[in-house]
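Asker: prediction below, plus the sequence it came from.
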Amino acid sequence: MAPRKRINGPDWLPTRCYVGKAAYEYRPKAGGCVRLAPLTAHQSVVMAQYHEAVSIHSEKTGDFSQLVREYFAGANYKRLATRTKLDYVDYAAKVLLVFGRTNRHRIKPPHIRKYMDIRAEKALTQANREHSFMSAVFSWAYENGKVKINPCKGVRKFNEPHRDRYIEDWEYNAVLTEARAKWVLLAAAMEISYCCAARQADVWSLERNQLRKEGIYIEQGKTGAKQIKEWNPRLKAAVDLALSVQEVMNFRYVFCDKSGNHPAQGTLRNWYGKARDQAKLNHVGVWLPNFTFHDIKAKSISDFDGDNKKNFSGHKTEEQAQNYDRKVKVTPTLE
């Protein structure tokens with residue numbers, strides 16, 4: 001709709017501002033109509049409302065993608081753990097597909113709720129994580145005067161079922177066999193994760209300078225716990241397998257392709273899904289429910305026979321480590 005012509009409007013009225021039936025109006029280029037102030041309002045009031053409206057509806061600085069870029073450049077983001085930073089980048093990619101070009105001030109709680117409901121149909125846990133990411137961005141923006149509300153506040157997350165999936169040895173070996181045949185880096189990553197009770201991200205981001213004389217130095221991206229995982233023949237073989245792929249040496253990362261490039265973590269997830277699906281085809285009729293790469297850490301902690309699981313896993317308390325113990329205990333029976 002073409003902007004209404006100014007009728008008896010004062011000379012001080014800015015560009016794209018018009019006299020409505022009862023109020024001064026601002027019509028941004030993107031469309032719509034913003035009520036500024038009653039016709040009886042003082043010029044200073046109208047101008048103050050005009051400048052606020054221009055700021056809100058600016059095409060260059062008003063969209064959510066710009067807000068996310070500002071957040072990533074800020075101190076709050078830089079202080080996060082490495083693992084959280086990487087996760088936030090992944091979450092941003094999903095969220096910006098929907099909200100990226102939306103004006104940050106026009107995102108309301110009902111929009112967040114609808115996004116959550118649709119996203120949860122395929123990935124409930126991811127929906128919760130992306131909610132947390134958006135809330136972090138909007139909280140930061142609110143504290144810095146960039147938005148008036150955090151639309152994520154009051155929008156409830158979904159209840160996540162406690163994961164208690166234990167990977168049986170034969171299941172793990174079935175996927176590992178497929179990985180060794182087609183995706184060598186995946187096989188190496190699985191074995192390092194199992195030997196060290198390490199998270200997927202901490203394994204995939206391993207650098208050569210973490211390979212020490214005593215073992216592998218790992219600083220957990222999520223908790224910040226620092227450990228040196230002692231060498232054993234199985235762990236050493238897994239690292240050697242990963243390094244054997246590189247025809248062009250990468251002097252930084254352990255996991256690289258033949259050309260020396262470090263693949264994205266999404267590539268690992270893709271390989272894992274293919275190896276697991278192939279293993280399913282080879283075990284028709286006996287395959288148990290899916291397990292993920294993340295379940296390998298829990299299998300490792302469950303299989304640890306020592307008395308002090310927290311020292312092995314890197315948790316602060318024994319209770320935290322026991323939460324990862326998913327192996328079903330064998331108990332005696334009465335005769």
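Answerer: Structure's in. What do you need?
Asker: chain center to stretch 258-275: distance?
Answerer: Its chain's average C-alpha position is 17 Å from that of stretch 258-275, according to CA atoms, centre = their mean, to the nearest Å.
Asker: same check on stretch 69-82?
Answerer: Worked out by CA atoms, centre = their mean, stretch 69-82 lies 14 Å from the chain centre.
Asker: buried stuff in it?
Answerer: For stretch 69-82, the neighbour count (16 or more other CB atoms under 10 Å) marks 70-71, 77 as buried. C-beta coordinates here come from the backbone N, C-alpha and C atoms, glycine included.
Asker: from these, which is closest to residue 83?
Answerer: Residue 83 has its nearest neighbour among these in residue 77, at 13.2 Å by CB to CB.
Asker: so what does the closest one look like in phi/psi?
Answerer: phi -70, psi -40 (degrees, to the nearest 10).
Asker: domain ranges for the protein?
Answerer: The chain resolves into domains spanning 17-57, 64-143, 169-322 when parsed by automatic domain parsing.
Asker: mind checking the pLDDT average for the last one?
Answerer: Here domain 169-322 scores 87 as its mean pLDDT.
Asker: select, out of the domains of the chain, the one closest to residue 158.
Answerer: Using CB to CB, the domains of the chain put domain 64-143 closest to residue 158, at 5.2 Å.
Asker: the residue nearest in space to the middle of the chain: what's it in contact with?
Answerer: For the chain, residue 87 is the residue whose C-alpha lies nearest the centre (CA atoms, centre = their mean; 3.0 Å). Contacts for residue 87 were tallied using CB atoms under 8 Å, 6 or more residues apart in numbering; they are 129, 133.
Asker: again, but for residue 235
Answerer: 191-192, 195-196, 215-216, 229.
Asker: in helices, which of those residues appear?
Answerer: 191-192, 195-196 (DSSP state H).
Asker: that older thread, the residue nearest to the centre of the chain belongs to a helix?
Answerer: Yes. When DSSP: H, G, I helix; E, B strand; the rest coil is applied, residue 87 is found to be in a helix.
Asker: got a pLDDT number for it?
Answerer: Reported pLDDT for residue 87: 86.
Asker: equivalent analysis for the one 3 residues further on, please.
Answerer: Residue 90 is assigned a pLDDT of 89 by the prediction.
Asker: mind listing what it touches?
Answerer: residue 266.
Asker: okay, the contacts of residue 235 in JSON lines with neighbour count next?
Answerer: What follows is the contacts of residue 235, written out as JSON lines (neighbours: other CB atoms under 10 Å):
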{"residue": "191", "neighbour count": "23"}
{"residue": "192", "neighbour count": "26"}
{"residue": "195", "neighbour count": "22"}
{"residue": "196", "neighbour count": "24"}
{"residue": "215", "neighbour count": "18"}
{"residue": "216", "neighbour count": "24"}
{"residue": "229", "neighbour count": "20"}
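Asker: what's the most distant pair in the residues you listed?
Answerer: Taking CB to CB, no two of the contacts of residue 235 sit farther apart than 191 and 215, at 14.4 Å.
Asker: report the buried residues of stretch 82-96.
Answerer: 83-84, 86-88, 90-92, 94-96.
Asker: again, but for stretch 168-187
Answerer: Buried, per 16+ other CB under 10 Å, within stretch 168-187: 171-172, 174-176, 178-180, 183, 185-187.
Asker: among the residues you listed, which one sits closest to residue 255?
Answerer: residue 185 (5.4 Å).
Asker: helix or strand: which one has the closest one?
Answerer: Element membership of residue 185 [criterion: DSSP states H and E] is helix 184-196.
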